[in-house]
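*Asks:* next come a sequence and a model predicted from it.
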Amino acid sequence: MFGRLFDMLNDPAPDPMEGADRELALGALLVRLARSDENYTEEEKTRIDRVLAQRNGLSGFEATEMRKRAEEVEAGAPDTVRFTRALKDKVAYEDRTGVIEALWDVALADGVRDAHEDALIRLAAKLLGVNDVDSAVARQRVEARRT
């Protein structure tokens with residue numbers, strides 16, 4: 001699965017991803033977001049683990065292992081478009097808004113709203129076909145959980 005995902009991310013026309021590959025692509029997108037401000041914190045890693053565990057019914061250990069694989073995938077991927085294309089092509093709109101909510105969850109994990117992270121979320125929302133209103137609602141849901 002891991003090697004196949006690398007091949008798909010580097011292929012100009014990737015094959016449809018299986019469920020586990022989609023979640024690994026989501027993990028890589030979350031890692032890319034967390035690294036975008038040049039400050040990849042333990043809070044962000046923990047939040048990514050929690051998102052992956054909740055979305056996939058994984059134990060804490062399994063989610064951490066998935067995040068570590070996602071870190072490798074993210075480091076080897078040339079651009080963000082490949083992650084979002086893989087997700088957009090295979091998930092319903094409602095789940096894509098869930099992806100944006102997961103991105104906001106990670107972006108706000110360290111308590112700082114960073115311009116680099118904001119820009120990447122805007123790009124991801126656009127590439128996923130999620131409108132500005134739904135992205136704002138996703139952010140508000142995350143902020144409400146934090147208060």
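*Replies:* Thanks, I have the structure now. Numbers count the residues shown, from 1 in each chain.
*Asks:* which residues touch His130?
*Replies:* Rather than His, residue 130 is Val. Contact partners of Val130, counting by C-beta atoms under 8 Å, 6 or more residues apart in numbering, are Tyr93, Arg96, Thr97, Val99, Ile100, Ala138. Bear in mind the C-beta positions are built from the backbone N, C-alpha and C, glycine included.
*Asks:* secondary structure class for it?
*Replies:* coil (DSSP: H, G, I helix; E, B strand; the rest coil).
*Asks:* returning to that earlier point: most surrounded residue in the contacts of Val130?
*Replies:* The most crowded member of those, judged by other C-beta atoms under 10 Å, is Val99 (26 neighbours).
*Asks:* my guess is that residue meets Leu128, correct?
*Replies:* Yes - judged on C-beta atoms under 8 Å, Val99 makes contact with Leu128 at a distance of 6.3 Å.
*Asks:* joint contacts of these two?
*Replies:* With contacts taken as C-beta under 8 Å, 6+ apart, Val99 and Leu128 have Leu87 as neighbours in common.
*Asks:* closest to Leu108 among the contacts of Val130?
*Replies:* The closest of the contacts of Val130 to Leu108 turns out to be Ala138 (C-beta to C-beta; 11.1 Å).
*Asks:* quickly find the element holding the closest one.
*Replies:* helix 132-146 (DSSP states H and E).
*Asks:* from the middle of its chain, how far away would that helix be?
*Replies:* 16 Å (C-alpha atoms, centre = their mean, to the nearest Å).
*Asks:* same for it, what does it pack against?
*Replies:* helix 93-107, helix 115-128 (3 or more C-beta pairs under 8 Å, 6 or more residues apart in numbering; DSSP states H and E).
*Asks:* who's the closest spatial neighbour of Arg22, skipping the chain neighbours?
*Replies:* Lys90 (5.6 Å; C-beta to C-beta, 6 or more residues apart in numbering).
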